[in-house]
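[1] Whatever this is, show me its structure:
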Amino acid sequence: MKKVIASLLFVSLFASSFVMAQDKPKPSPAMRTETTIASGATVKINYNAPSVKGRTIGTNLEPMAGKVWRTGANDATTIELSKDVTVEGKPLPAGKYSLFTLVNGEDWTIIINKTAKQWGAFNYKEADDVLRVTVKASKDSFTEQFKIDANANGTVTMLWGNNKVSFAIK
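    Numbering: from 1, shown residues only. Model prediction:
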C-alpha cells in the first residue's frame, strides 16, 4: 500500500510539474552579431530577441513612444567595440556599452550608455549616456523575432515588426 501511495504521489508531482512547465513563457533567446569593419574595429552586439506573437509593438509589447527601450529583452543589449569608432559621425571610444533606443515616430534615438551590465531599462540613467544620435526609421516587411545585424560596411540594422532602423559605425 505504501508503494502504491508513493507511486501515485510521484506521478502526480511529475504531472503537475510538466503542466506548470508548459504554462511558463519561454524567455527570449540570446543572440549575437559580430563583424569587423573597414577600420579594423570588431563590433560585437549581444541581445535577447523578443517575438511579436500577435501583440502590438508599442501598445502591449515594449514601450516604443517616448520611453527608453532596452533594444531587446531581458538584460540590456550590449555593444562592444575593439577600437575607437564613430557612430553616425560622432566619436565613441573602444569599450563595452549598453545600447538603448528612444522612439519618436520615424525618428529613433540610438543611445550608447556607459553602464554595460544592467537589467532592461529599469536602472537606466541618462547621465550615463556616452553618445546619442538620431536616425530615421523606415517600414520593411514583417519580422516576427527582433533581429540586429551588423555588416562589414559598418551598418547596424535593427528589424522588428514592420520597423527597420539602421545606423553607421566607421
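[2] Of all residues in the protein, which one is nearest the centre?
    residue 72 (2.1 Å; CA atoms, centre = their mean).
[3] Assign that residue to helix, strand or coil.
    Per DSSP: H, G, I helix; E, B strand; the rest coil, the local secondary structure of residue 72 is coil.
[4] does residue 136 really touch residue 104, like I thought?
    No. Between residue 136 and residue 104 there is no contact under CB atoms under 8 Å: 11.0 Å. For every residue, glycine as well, the C-beta is placed using N, CA and C.
[5] Give me the below-cutoff pLDDT ranges for the protein.
    Along the chain, segments meeting pLDDT under 70 span 1-25, 57-65.
[6] got the residue ranges for the helices in this structure?
    2-23 (DSSP state H).
[7] So which residues of it form strands?
    Assigned by DSSP state E, the strands in the chain fall at 30-36, 42-48, 68-69, 77-81, 85-87, 90-92, 95-104, 107-113, 129-150, 155-168.
[8] show me what contacts the nearest residue to residue 42 once chain neighbours are set aside?
    Using CB to CB, 6 or more residues apart in numbering and skipping the chain neighbours, the partner closest in space to residue 42 is residue 82 (4.1 Å). By CB atoms under 8 Å, 6 or more residues apart in numbering, the contact set of residue 82 is 41, 42, 43, 94.
[9] partner residues bridging the residue lying closest to the residue nearest to the centre of the chain once chain neighbours are set aside?
    Of all residues not flanking residue 72 in the chain, residue 47 sits nearest, at 3.7 Å (CB to CB, 6+ apart). Counting by DSSP bridges, residue 47 forms beta bridges with residue 31.
[10] So residue 47 is in contact with residue 29, correct?
    No. Taking contacts as CB under 8 Å, residue 47 lies outside contact range of residue 29: 9.8 Å.
[11] Residue 88 and residue 131, how far apart?
    Per CB to CB, to the nearest Å, residue 88 is found 9 Å from residue 131.
[12] still on that earlier bit, the residue nearest to residue 72: neighbouring residues, count only.
    26 (other CB atoms under 10 Å).
[13] residues contacting residue 77?
    45, 46, 47, 48, 70, 71, 98, 99, 100, 148.
[14] Let me have those residues in TSV, extended by distance to residue 161.
    Below are the contacts of residue 77 laid out as TSV (distance: CB to CB, whole Å):
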residue	distance to residue 161
45	19
46	21
47	16
48	16
70	16
71	14
98	22
99	18
100	18
148	14
